[in-house]
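Engineer: how would this look folded up:
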Amino acid sequence: MRTILYCDVSAAARVLLGIPKSKRAEMCARMLGEADLADRFLRRKGQVHPRWGNGTLLDAARRREMQAEASFDDADYCACFQEVLRAICRRPRSMFL
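Structural biologist: Model prediction:
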């Protein structure tokens, strides 16, 4: 998977905002997995994956409906942002090389 930046986390959190709380962890893991597979595809084939993008979490998130950018005053957005960070921390470090 490509390097994860603030914009990747924010985009993924905006996707999570639009789905039920019970589905957020699963969706987050799915986006991270798709980004990883897309990055592998890009490195192997030299082209962007048609469904999952260019190997960034941002591109995986953009392929879904995203809510408007919220501020950290919004507790639900904070929870979504934290969910993304937790999911990133659970991933093996080898995924980010």
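Engineer: For stretch 54-68, give me every contacting residue.
Structural biologist: With contact meaning CB atoms under 8 Å, 6 or more residues apart in numbering, stretch 54-68 is reached by 1-2, 4-5, 7-9, 11-12, 14-15, 17-18, 31-32, 34-36, 38-43, 48-49, 51-53. For the C-beta atoms, the positions are set from N, CA and C on the backbone; glycine is no exception.
Engineer: Quick one: the helices in this structure, in order.
Structural biologist: Taking DSSP state H, the helices of the chain run over residues 6-17, 24-45, 57-62, 75-90.
Engineer: Tell me which of these sits nearest to residue 69.
Structural biologist: Closest of these to residue 69 is helix 6-17, at 6.6 Å (criterion: CB to CB).
Engineer: contact partners of that closest one?
Structural biologist: Applying CB under 8 Å, 6+ apart, the contact partners of helix 6-17 are 24, 27-28, 31, 56-58, 60-62, 64-70, 76-77, 80-81, 83-85, 88.
Engineer: Can you tell me how far residue 72 is from residue 28?
Structural biologist: For residue 72, the distance to residue 28 (CB to CB, to the nearest Å) stands at 18 Å.
Engineer: higher neighbour count, those two?
Structural biologist: residue 28 (25 against 8; other CB atoms under 10 Å).
Engineer: Confirm for me that the more buried one is in contact with residue 82.
Structural biologist: No. Assessed by CB atoms under 8 Å, residue 28 is found out of contact with residue 82, at 10.5 Å.
Engineer: which sections of this structure are below the confidence cut-off?
Structural biologist: Across the chain, the ranges flagged by pLDDT under 70 are 93-97.
Engineer: make it 90
Structural biologist: 1-2, 52, 90-97 (pLDDT under 90).
Engineer: Now the terminal residues of stretch 69-81, how far apart.
Structural biologist: Start-to-end span of stretch 69-81 (CA to CA, to the nearest Å) is 11 Å.
Engineer: Just the buried positions in it, please.
Structural biologist: Across stretch 69-81, burial judged by 16 or more other CB atoms under 10 Å covers 70, 77, 80, 81.
Engineer: Residue 48: neighbour count?
Structural biologist: The number of residues packed near residue 48 is 14, by other CB under 10 Å.
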